[in-house]
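Novice: how does the following fold in three dimensions:
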Amino acid sequence: QVQLGESGGGLVQAGESLRLSCTASGRTFSSYHMGWFRQAPGKEREFVANIDRSGLTEGYADTVRGRFTISRDNAKNVGYLQMSSLKPEDTAVYYCAFAGFMTRSRADYTYWGQGTQVTVSS
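Specialist: Here you go, the predicted structure:
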């Protein structure tokens, strides 16, 4: 069993930056591909970014490409989502998740964190 936990959320103004972290229990961190998703009130949970086990391949939603950067440190069992030039429409609960293959579909992710709130004021 893998347990994930997110941190780093908060309230920022438009144009500012935040870095989210995703920590994982156990020694299987490098066995999984990692994704970040977000869910705004009244909306479905949507894909934000993903990264493969090795950290060499990344993918981004069009809405965040060029502003967000996903990364991971397998030695420390931690993943990151660096968010820059934040916009009010980025306001959501952000979740990290693990999957056995690279995918953008939330249904393919097996393990999920509890989420961290990001609020961007205009």
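
Novice: and the residue nearest the centre of the chain, backbone torsions?
Specialist: With distances taken as Cα atoms, centre = their mean, the residue of the chain nearest its centroid is residue 36 (2.6 Å). The phi/psi pair for residue 36 (degrees, to the nearest 10) reads phi -120, psi 140.

Novice: please work out how many residues are found near the closest residue to it other than its chain neighbours.
Specialist: Once flanking residues are discounted, residue 36 sits nearest to residue 48: 4.3 Å by Cβ to Cβ, 6 or more residues apart in numbering. Where C-beta positions appear, they are placed from N, C-alpha and C, glycine not excepted. By other Cβ atoms under 10 Å, the residues close to residue 48 number 25.

Novice: now for the one helix or strand residue 48 maps to, which elements pack on it?
Specialist: Using DSSP states H and E, residue 48 sits within strand 46-51. Applying 3 or more Cβ pairs under 8 Å, 6 or more residues apart in numbering; DSSP states H and E, we find strand 46-51 packed against strand 33-39, strand 58-60, strand 68-73, strand 78-83.

Novice: starting at the chain centroid, how far to that strand?
Specialist: Distance, stretch centre to chain centre, for strand 46-51: 6 Å (Cα atoms, centre = their mean, to the nearest Å).

Novice: how far off strand 68-73 does it point, in degrees?
Specialist: 40 degrees (axes from the mean of the first three to the mean of the last three Cα atoms, to 10 degrees).

Novice: and strand 46-51, which strands flank it?
Specialist: strand 33-39 (antiparallel), strand 58-60 (antiparallel) (DSSP bridges).
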